[in-house]
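*Asks:* sequence plus the predicted model coming up.
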Amino acid sequence: MSVKIQGLTKVYGTQKAVNKINFEAKKGEVLGFLGPNGAGKTTTMKIITCFIPQTEGKAEVCGFDTTTHSIDVRKQIGYLPEHNPLYKDMYVREYLNFVGGLHKLKNRKTRIDEMIEMTGLTREQKKPIGALSKGYRQRVGLAQAMLHDPEVLILDEPTSGLDPNQLVEIRGLIKNLGKEKTVIFSTHIMQEVQALCDRVLIIDKGRLVADDPIEKIQLRVNKETVVQVEFLENCTAAQLEHIAGVKRVESVSKRKWKLVADLEQDVRPDVFAFAVKNGLTMIGMEKEVSSVEDVFQQLTGQ
């Protein structure tokens, strides 16, 4: 496992910012880390990246303990904090060269060229960082996080301040990085989670309340399967109730219906067979699935 967290706890005075959380993240996985403001996301990320120590528990990165081998951990991690700290008086290339020197990169110029191209900074590379827009500053932060080719990327709100076109590019970059590295990132954009993540962690009031693959997280708030179907011709609820597996029928409009079944039951093949048998023209059928946002709101009480 690239990242292993066991019983992690952080206490500030009388407040438990992080309360005995456990999770693992492996190579080739994009892990979405979600939670309301103040839930403990950033604190957890700061512990993993050795910015602050934990009160209790254990955090390991690529087999190195964050408490006893912090230098080794930092070599394995690329970190983009929520508030991107940059030297605004430096030029983009100059800053990346400085960061490369800190990492003692031998192929510094080649690697800087690769990062500038990968993050779309070619046109901005000779500008001072202070003259860049927020979106381009975010790209500089991503470039410095990836410069030393780390095994683990920790990204705290990495797409903050990006315009729609930049969002598409950076999301694609994160997705590609996740094929060969471990990526843990926090975001408040739920569509981003569904588009990028292999797995989702949800933290609330310092406690981990969900840890599921993206395809299963949405089932947490689904108690039944609901299929919405629309026909060109009229039919009745009594007819639809005879479809195998259908427990309940609800009218949406004159020719549109909701068919409710048990959670594990997929009635769509039977609905199609029903339409064929009764000479009905089906003009739409869709299985309703809760969004990640629905799950987030229910689990965090928002």
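*Replies:* Now that the structure is in, tell me what you want to look at.
*Asks:* residue 230 is in contact with residue 280, correct?
*Replies:* No - counting by Cβ atoms under 8 Å, residue 280 does not reach residue 230; the two are 10.3 Å apart. Placement of C-beta: from N, CA and C, glycine included.
*Asks:* tell me the SS of the spatially most central residue of the chain?
*Replies:* Nearest to the mean C-alpha position of the chain, counting by Cα atoms, centre = their mean, stands residue 32 at 2.7 Å. Secondary structure assignment for residue 32 (DSSP: H, G, I helix; E, B strand; the rest coil): strand.
*Asks:* quick check on the nearest residue to residue 52 once chain neighbours are set aside: phi, psi?
*Replies:* Spatially, and ignoring its direct neighbours in sequence, residue 52 is nearest to residue 46 (4.8 Å; Cβ to Cβ, 6 or more residues apart in numbering). Dihedral angles of residue 46 (phi, psi; degrees, to the nearest 10) stand at phi -70, psi -30.
*Asks:* next one: residue 278
*Replies:* Per-residue torsions, residue 278: phi -100, psi 10 (degrees, to the nearest 10).
*Asks:* contacting residues for it?
*Replies:* Counting by Cβ atoms under 8 Å, 6 or more residues apart in numbering, residue 278 touches 235, 239.
*Asks:* separation between it and residue 234?
*Replies:* According to Cβ to Cβ, to the nearest Å, residue 278 stands 11 Å off from residue 234.
*Asks:* residues contacting the one helix or strand residue 9 maps to, please?
*Replies:* For residue 9, the host element (DSSP states H and E) is strand 3-12. Residues from elsewhere that reach strand 3-12 (Cβ under 8 Å, 6+ apart): 16-25, 40, 43-44, 47-48, 52, 54-61, 152, 182, 184.
*Asks:* what number of residues lie near the residue nearest to residue 39 when sequence neighbours are not counted?
*Replies:* Distance criterion Cβ to Cβ, 6+ apart; nearest residue to residue 39, sequence neighbours excluded, is residue 203 at 4.8 Å. Residue 203 has 26 neighbouring residues, counting by other Cβ atoms under 10 Å.
*Asks:* need the strands for the stretch 101-250 of the chain, in chain order.
*Replies:* Taking DSSP state E, counting those that start in this stretch to define them, one finds strands in the stretch 101-250 of the chain at 152-156, 182-186, 199-204, 207-213, 224-231, 248-251.
*Asks:* now distance to residue 124 and mean pLDDT too, for those, in CSV please.
*Replies:* Formatted as CSV, the strands of the stretch 101-250 of the chain follow (distance: least, Cβ to Cβ, whole Å; pLDDT from 0 to 100):
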stretch, distance to residue 124, mean pLDDT
strand 152-156, 20, 92
strand 182-186, 23, 91
strand 199-204, 33, 91
strand 207-213, 37, 90
strand 224-231, 47, 89
strand 248-251, 55, 92
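*Asks:* would you turn those strands into CSV with distance to residue 103?
*Replies:* Listed next are these as CSV, based on distance: least, Cβ to Cβ, whole Å:
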stretch, distance to residue 103
strand 152-156, 15
strand 182-186, 18
strand 199-204, 28
strand 207-213, 32
strand 224-231, 51
strand 248-251, 60
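*Asks:* of all the ones you listed, which lies closest to residue 285?
*Replies:* When the strands of the stretch 101-250 of the chain are compared by Cβ to Cβ, strand 224-231 sits nearest residue 285, at 4.6 Å.
*Asks:* parallel or antiparallel, list what pairs with that closest one.
*Replies:* strand 256-262 (antiparallel), strand 282-288 (antiparallel) (DSSP bridges).
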